[in-house]
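Q: coords please:
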Amino acid sequence: MTEKQRAALLALPDTEEAVVRYHSFDENDLAAIAEARTPETRLGYALQLGCLRFPGRHLQKGELLPAIMLDHIAEQIGVDVDVIAQFARRMQTRYEQLAAIKRRYGFHDLTHPRRAELAKWLAIEALGLTDGKVLIERLITRMREQRIIIPGVSVIERMAGEAMHAADACVTSDVHALIDDEQRSALEALLIEKTHAQQSRLSWLREPASRVGGRSLLEILDRIDLVRSTKYAEVTVPDEYLPRLALMAREGARHTAQALQQMGPARRLTTLVATLRELEATLSDAAISMFSALVGRANLNARKRLEETIAVADEQGRARLTRIAAVLEALAKAARSGSDIAVAVTAIAELDIIEADAALIRRTIKPGRPDVLGELVSEYRVFKQVGGRFLASFAFEGRTATAPLRTAMGVLIQLAGDWRKALPADIPLGHIDLRWHRHVVSGGKIDRTFWELATYFGVSAALTSGDLWVPTSRIHRSLEDLLTPRIPATANVTVLLPKLPRLSADEWLSQKAAQLDAALLETANGLSGKEQLLFTGDKLRFPKGPKAEELENDPAKLLASRTYGALPTIRITDVLSQVARWTGFVDHFGHVSSGLPPSDERAFLAALIAEATNLGLTRMADICGVASRRALLRMQTWHMREDTFRAALGSLTDAIHAEPMAKWFGEGWRASADGQHFYLGGPGEGGGTVNAHYGRDPIVKIYTTITDRYAPLHQTVIAGTAGEAIHALDGILGHESGVAISSLHTDGGGVSDIVFSVMHLLGLNFEPRIPRLSDRRLYAFEPKARYGRLAPLFGYRLDANLIRAHWDDINPLIDAMRNKVVTPSLIFKKLSAFRQQNSLAAALREIGRVERTLFTLRWFEDPALRKQVTAELNKGEARNTLARAVAFHRLGRFRDRGHENQQTRAAALNLVTAAIILFNCRSLDRAVSALNIRGAGSNDEALGQLSPLGWDHINLTGDYVWSDPAEFDADGFLPLKIRQR
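A: Got it, this is the predicted structure:
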């Protein structure tokens, strides 16, 4: 542990809540304390008793006591706190009191027998833990329960460390003993044998997938086959070993084949088994995602082909029909005159052109509306090559309703794309959707191409929705496994969400039905008093607010100019160093094996800046002068992980919210979420998708959540074409700061009925920006005719029985998200993809439509709400501008191909922007004080319109060196640029 962690472990309580909880005395305690003769001895007795109870150690000589603790204890025993100066002038009195307390209350020293008993207990506890700090906390709690006096942090740390090492050795030896000779040879071959001269098999297994395509999917399946060929899965590991194996897997993912070869045999093989367990899950997810991408690409290509056909038919239809008419006239004349028909036709146009005209006309005159499915035949070739093998590579499980689909999958596995094998006579058709049916069954016969395509597309939809799952996958598991994981979380999860009373379905429906009915009636009755333009053409519109006029002497702009103009120019390296000194965020980046923070802070910060600015480690090593590329790579590999970034960002978020200046920006309980696109270049292009809204280049989006005080809470990388709504809750449920968020704002892309329902059931307010009320439907439990002029705006009537039937199924889903068992985006993705007949998703949508209708009415009636939401979303847009300025190298294009690398880059970017925001908050506060702005009348309102997002005074480009510490004052600041009068 770090010194800061050690100091906090056995610190005396310094909050009123803790002091009252641990240092309140009952009648027996007060009677024992009263036996002391003088006020100072009574106070000394009480202090020693309180300290032995919590934190569970001796009161040290000369220790500085928290004032709140001293006051509380002195008040209970009726003495003046000033007598503390007379406490323990005679050491013998102190020892006599301590001995008396031990005898009376049964406190014991940590003797050898008790230490041996604790060691046995620790050995069992440590097997299921990977975080030594959690084990230390459990050990301290047990010693308090058994009234064993804690001798000191170093002793406790040593005991826990010995137990953790012993557990590691136990797991290693036990797993190694389960590996037979055949498995050992196969595992060793991954390190020794090469796929080619420069790459081991293990390195090849870890390579990220390239572009979407059938060949890429086959390569992933080849890797899965190689992993399974080691028969690692036959090594049956007890459940209590799984957390430690997961830790070994994180280490193994970072070790090279050469590094693994240098380990001892037991450690090497155990690490490989653990690594392959995680690797197969990763590859399974990659294969399923690639298959879904192939389905998506096929749909996109078919849609483009249909659009091109229609466009060509419109543009060239007249010329084509004129040419065909001329051909028909030539045929008729040749037939009457008996001349050569071929010569007559070819005189009009070549036969190839005429055939093309005929084919295109036939395609454009198909009966019914234009159908994308009819254009999918050209995409069948890819699925014929890879579909059968993909299905044969996994053991699919599913709900009862998917039985026909799973039967059809078995048929595809047997056919394996070989058209020499005939379709079985009893070919299943129960899984075929109605939209596919007319293509699959044509003229009373089965069209094999369309039957296979319909089955493959059905598999993809069922995997996405969760109707079908793969047990070896990490993401595409059953919903039940996601909600009740096999390995429960061992760390304490702080839930900063409101506690709601658990209502029954009937109670909830009764409350919401009355609330919804009253709100709808109020709006309907109030339409007559509003402008006619707000309700025309059976559409509801909200009034536009007054346009903001640009004022030359805008107080907020003048104040921003004055305050930022007073800030000195500083390098980004120095900004991060000062913020690290204030917050200690670097200490959260523990080594994946030891948990120790980076040994070289400047080297770590250089690697962090290289990731955030998109500069890259090689160029940073050439510029910074503090470490080589290899040293920076070590920092990135062993210290930068999702969990360490999350903990570090949490510490910066808490620091920002604690700043006095930040309190001017917001109340601290609102948050907004928004996506920001980044173009991909170089190798990264293969991992991106093209979103036509942003042009023709592949992109990824970083979806970021920030508070109303500009503090970033969370970020995640999503595909360029992915919907943002499923990620809306990840930020407020996935952060590790002490900020309690109760209201979330998003733009239209983050809105869905399921988000409304889950936010409500979690006790949170969801307040998105609604761009057009005219596109929104209203819903009610009552007939729509009850609401007069609003009736044309209603969708179908809400189904109370559907909500009532699934109320008990919804609660475990909400509890899992509340307790951080599963990320909301994963659940949302499955629920959003469920078919209409899935009643759980339908019930959640009904709840969401209740909440969405209530909010829509608020949005229509309350201009202050519209102004507030817009202002909060503008903060996110402004923060995106800062992020764009930081990640400017390489034209701002990400070149990372793997999703994990892109996540690291996004997390580093978010962390550096958070550090800049914190630095600006503290710097602006100094400038405001120095300029005597605070309390100057109208300037108070302008202070709330400042933002800590400026960067003109921070050198972000090229100059990545550290300044001499002597240039800074004690707080880490350079002198302000303020003229002295």
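
Q: helices and strands around the helix or strand hosting N525, which ones?
A: Assigned by DSSP states H and E, N525 belongs to helix 505-526. Helices and strands touching helix 505-526, as assessed by 3 or more Cβ pairs under 8 Å, 6 or more residues apart in numbering; DSSP states H and E, comprise helix 800-818, helix 839-861. C-beta: built from backbone N, CA, C; applies to glycine.

Q: save those as a markdown table, and put in mean pLDDT, distance to I341 and mean neighbour count too.
A: Output for those, formatted as a markdown table (pLDDT from 0 to 100; distance: least, Cβ to Cβ, whole Å; neighbours: other Cβ atoms under 10 Å):
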| stretch | mean pLDDT | distance to I341 | mean neighbour count |
| --- | --- | --- | --- |
| helix 800-818 | 91 | 68 | 16 |
| helix 839-861 | 91 | 63 | 21 |
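
Q: quick one, which of the ones you listed is nearest to G264?
A: helix 800-818 (40.1 Å; Cβ to Cβ).

Q: orientation of that closest one relative to helix 839-861 in degrees?
A: Angle between the axes of helix 800-818 and helix 839-861 is 90 degrees (criterion: axes from the mean of the first three to the mean of the last three Cα atoms, to 10 degrees).

Q: not counting the helix or strand just after helix 800-818 itself, show me its contacts.
A: Next along the chain after helix 800-818, taking DSSP H and E as the criterion, comes helix 824-833. By Cβ atoms under 8 Å, 6 or more residues apart in numbering, the residues outside helix 824-833 that reach it are 461, 464-466, 475, 479, 482, 716, 723, 725-730, 733, 752, 754-755, 758, 813, 816-817, 840-841, 844.

Q: just want the angle from helix 824-833 to helix 800-818.
A: With the same axes, to 10 degrees applied, the angle from helix 824-833 to helix 800-818 works out at 160 degrees.

Q: return the set of buried residues in helix 824-833.
A: Neighbour-count burial for helix 824-833 flags P824, S825, L826, I827, F828, K829, K830, L831, S832, A833 (criterion: 16 or more other Cβ atoms under 10 Å).

Q: confidence score at L190?
A: Among the per-residue scores, L190 shows a pLDDT of 94.

Q: so which strand or helix has it?
A: Assigned by DSSP H and E, L190 falls in helix 181-192.

Q: that helix packs against which elements?
A: Counting by 3+ Cβ pairs under 8 Å, 6+ apart, helix 181-192 packs on strand 199-200, helix 201-206, helix 257-261, helix 265-337.

Q: for G213, find the nearest of those.
A: Distance to G213, taken as Cβ to Cβ, is lowest for helix 265-337 among these, at 7.6 Å.

Q: where do the helices sit along the stretch 51-200 of the chain?
A: 67-77, 91-105, 112-127, 132-145, 153-178, 181-192 (DSSP state H, counting those that start in this stretch).

Q: need the contact list for the closest residue to L306 other than its chain neighbours.
A: Among residues not flanking L306 along the chain, E375 sits closest, at 5.0 Å (Cβ to Cβ, 6 or more residues apart in numbering). Taking Cβ under 8 Å, 6+ apart, we find E375 in contact with N301, A302, R303, R305, L306, T309.

Q: let's see that with 7 Å instead.
A: A302, R305, L306 (Cβ atoms under 7 Å, 6 or more residues apart in numbering).

Q: how near is it to T449?
A: 12 Å (Cβ to Cβ, to the nearest Å).

Q: can you check L729 too?
A: 42 Å.

Q: looking at the two, which one has more neighbours?
A: Set side by side, L729 and T449 show more neighbours around L729, with 28 against 17, by other Cβ atoms under 10 Å.

Q: for the closest residue to that one other than its chain neighbours, give its distance to G731.
A: Closest residue in space to L729, ignoring its immediate chain neighbours: P824 at 3.9 Å, by Cβ to Cβ, 6+ apart. Between P824 and G731 the distance is 10 Å, computed by Cβ to Cβ.

Q: now L110
A: 44 Å.

Q: try R789
A: Relative to G731, and taking Cβ to Cβ, R789 is found at 39 Å.

Q: compare those two and say which is more crowded by neighbours.
A: With neighbours defined as other Cβ under 10 Å, R789 and G731 compare such that G731 has more, 24 against 14.

Q: name the residues that touch the helix or strand encompassing the more buried one?
A: Using DSSP H and E, G731 sits within helix 730-734. Under the contact criterion Cβ under 7 Å, 6+ apart, helix 730-734 has outside partners 671, 673, 705, 713-714, 716, 741, 744, 817, 820, 823-825.
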